[in-house]
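In: curious how this folds, go ahead:
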Amino acid sequence: MSSSESQTKDTAIYKVIRNKGDQFSIWMDYKDVPHGWDYTGKKGPKADCLAYIKEVWTDMRPLNLRNKIEAVADTPLPAALPGVAAPLLRRSLIDRLSSGDHLVRVDLRPEATTERLKQAIDRGYLHIKFTETQGQTELSFPLDRSASDFSTGDFTNSTGTIRVEGNLVLDYVRIRCIANISLDTLDGNAHFVKLDEAQNAGPGR
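Out: Below you'll find the model as predicted:
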């Protein structure tokens with residue numbers, strides 16, 4: 001390496017940050033995180049931070065746009081009855097997933113392991129997939145650590161079940177997702193609670 005290349009090489013330490021739309025960026029480590037962004041816990045040379053972002057940021061669309069598109073795609077229009085407009089027959093995805101528990105799987109790329117699940121929890125975001133909906137609805141949401149319960153899970157031995165909770169916006173409706181995940185299979189069940197109901201019920205509901 002020439003002396004000029006050594007002088008221009010970026011030796012600074014960066015940190016990876018993420019905004020509410022689940023979009024990632026890098027920021028100089030010595031600078032305060034800008035408003036609207038959160039530190040993910042990852043820092044290091046620029047190349048390492050960019051490689052990390054490439055691994056975890058698999059969908060460039062903002063979170064609210066992804067949720068809206070998925071909600072529309074997973075809500076099929078049934079055949080209209082005589083004298084009844086088709087939109088009146090549509091049962092929204094939110095209503096369906098707010099009624100009873102539904103099978104889910106933790107969505108981890110490129111490989112689903114308990115270790116990767118722990119890393120996702122440490123980052124404060126979780127991706128789950130409702131496996132019984134049309135197209136298998138995939139959602140991302142920030143974890144509410146005060147309401148989630150990891151005490152009954154053993155991440156080292158991949159045993160037990162954890163409960164995770166977090167709020168998100170789906171089809172312009174603010175909801176809470178509550179999921180129980182088995183560390184053995186990374187499968188479980190989940191349901192929605194509309195935000196006003198979640199607020200009235202308090203944490204853990």
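In: who touches the residue nearest in space to the middle of the chain in this structure?
Out: In the chain, the centroid-proximal residue (Cα atoms, centre = their mean) is residue 140; its distance is 2.2 Å. Contacts for residue 140 were tallied using Cβ atoms under 8 Å, 6 or more residues apart in numbering; they are 22, 63, 66, 125, 126, 127, 168. C-beta here means a position set from N, CA and C on the backbone, and glycine is covered the same way.
In: switch the cut-off to 6 Å
Out: The contact partners of residue 140, by Cβ atoms under 6 Å, 6 or more residues apart in numbering, come to 22, 63, 127.
In: and if you look at residue 126?
Out: Residues near residue 126 by Cβ under 6 Å, 6+ apart: 120, 143, 164.
In: three-state assignment of residue 117?
Out: State at residue 117, reduced to three classes by DSSP: H, G, I helix; E, B strand; the rest coil: helix.
In: so who does it touch?
Out: residue 106.
In: what about the strands in the protein?
Out: 14-19, 24-28, 37-44, 102-106, 125-130, 137-142, 153-154, 159-170, 173-182, 187-194 (DSSP state E).
In: how long is stretch 167-187 end to end?
Out: Distance across stretch 167-187, first residue to last, is 20 Å (Cα to Cα, to the nearest Å).
In: contacting residues around it?
Out: With contact meaning Cβ under 6 Å, 6+ apart, stretch 167-187 is reached by 64, 67-68, 71, 94, 104-106, 112, 114, 128, 141, 153, 158-166, 188-195, 198.
In: list the buried ones in it?
Out: 167-168, 170-171, 173, 175-183, 186-187 (16 or more other Cβ atoms under 10 Å).
In: can you check stretch 47-59 too?
Out: In stretch 47-59, counting by 16+ other Cβ under 10 Å, buried: 49, 52, 53, 56.
In: can you put these in TSV and add distance to residue 31 and pLDDT?
Out: As requested, the buried residues of stretch 47-59 are arranged in TSV below (distance: Cβ to Cβ, whole Å; pLDDT from 0 to 100):
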residue	distance to residue 31	pLDDT
49	14	93
52	18	91
53	18	90
56	22	85
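In: of those residues, which is the nearest to residue 42?
Out: residue 52 (5.1 Å; Cβ to Cβ).
In: tell me the pLDDT at the nearest residue to the closest one once chain neighbours are set aside?
Out: Leaving aside its sequence neighbours, residue 52 sits nearest to residue 42 (Cβ to Cβ, 6 or more residues apart in numbering; 5.1 Å). On pLDDT, residue 42 comes in at 94.
In: now swap in residue 161 and tell me
Out: 95.
In: before we move on, what about residue 51?
Out: Residue 51 is given a pLDDT of 91.
In: likewise for residue 13?
Out: The score at residue 13 is 95. That number is its pLDDT.
In: now stretch 143-156: buried residues?
Out: For stretch 143-156, using 16+ other Cβ under 10 Å, the buried residues are 143, 144, 147, 148, 150, 153.
In: related to what we said a few turns ago, count the residues that sit near the residue nearest to residue 52.
Out: Neighbourhood size, residue 42 [other Cβ atoms under 10 Å]: 20.
In: roughly how far does it sit from residue 189?
Out: Using Cβ to Cβ, to the nearest Å, residue 42 is found at 31 Å from residue 189.
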